[in-house]
Structures are given as C-alpha cells and as structure tokens.
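Q: no sequence on this one, just coordinates:
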C-alpha cells in the first residue's frame, strides 16, 4: 500500500472518530435535565418515613417501626435491661413510641411529631 493511501485511511479514521466519539459519550452520560438523578432506595425510604411524622397514623405505621428497630439495637448493647430500666434510658415520650403493644392512635389524623420532637428523639437514640 502506498504511503498516500495509508495517510488517507488514517485521516478518514481520525475524522470519523472525531464525529462519533462525542455522540457516544453523550449517550453514556446520565442526563441531569428534567429528571433528577436517582436517589438510593434506602434514602428515599427513610425520607418517606420521616415525612410520615406529621400525623399520628404516620408516626404509628411508618416511623414507629424504624424507631423500635433503632432503640432495640441501641438497648441490646446493655444486656439484661428490665422494661423499667429501658424506659428510664429512653425517656417517657420515646418509651411511649417504642413500647411493646402500643395501641394505634384514636384519631389517625391527629398531629404526629414536630420536627423538634423528632430531633430530640434522634439525639436521645444517638446518646444510647
């Protein structure tokens, strides 16, 4: 093959790459246009759970199971706790949320937890 033909083939290949490469990169890059990037499933679940705090029903059905799980994990570090000792560690308001056999709220639409109350509960759980 002559040198001129090899150079022509190389030039055509280079121009083709310059044309195709940006298009291929655009197709592989995630779009940040009208659709926001996907959120991790666990983060979305926790956000929904925390948002449910505004009604008594939401607290009981959505937030309470998460609080029970966290409180149980934190309290399990202290073996042999009696319910009275667990109540003393958690405080009366948090104990009322996580205690066994807690009844459903009488008025499901009643106010749930304020953001301040949820922050206090979170602080107490972190301290255990």
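A: Right, received. Where do you want to start? None of the values given here were measured: they were computed from a predicted structure.

Q: So for stretch 52-69, what gets flagged as buried?
A: For stretch 52-69, the neighbour count (16 or more other C-beta atoms under 10 Å) marks 52, 53, 55, 56, 57, 58, 59, 60, 62, 63, 64, 67 as buried. Placement of C-beta: from N, CA and C, glycine included.

Q: Oh, that last question was meant for stretch 68-80, not what I typed.
A: Buried residues in stretch 68-80, counted by 16+ other C-beta under 10 Å: 70, 71, 74, 75.

Q: Is it possible to get CSV of those that adds distance to residue 98 and secondary structure?
A: Shown next, in CSV, are those (distance: C-beta to C-beta, whole Å; DSSP: H, G, I helix; E, B strand; the rest coil):
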residue, distance to residue 98, secondary structure
70, 9, helix
71, 5, helix
74, 10, helix
75, 9, helix
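
Q: Which of the residues you listed sits closest to residue 107?
A: Taking C-beta to C-beta as the measure, residue 71 is the one of the buried residues of stretch 68-80 closest to residue 107, at 24.7 Å.
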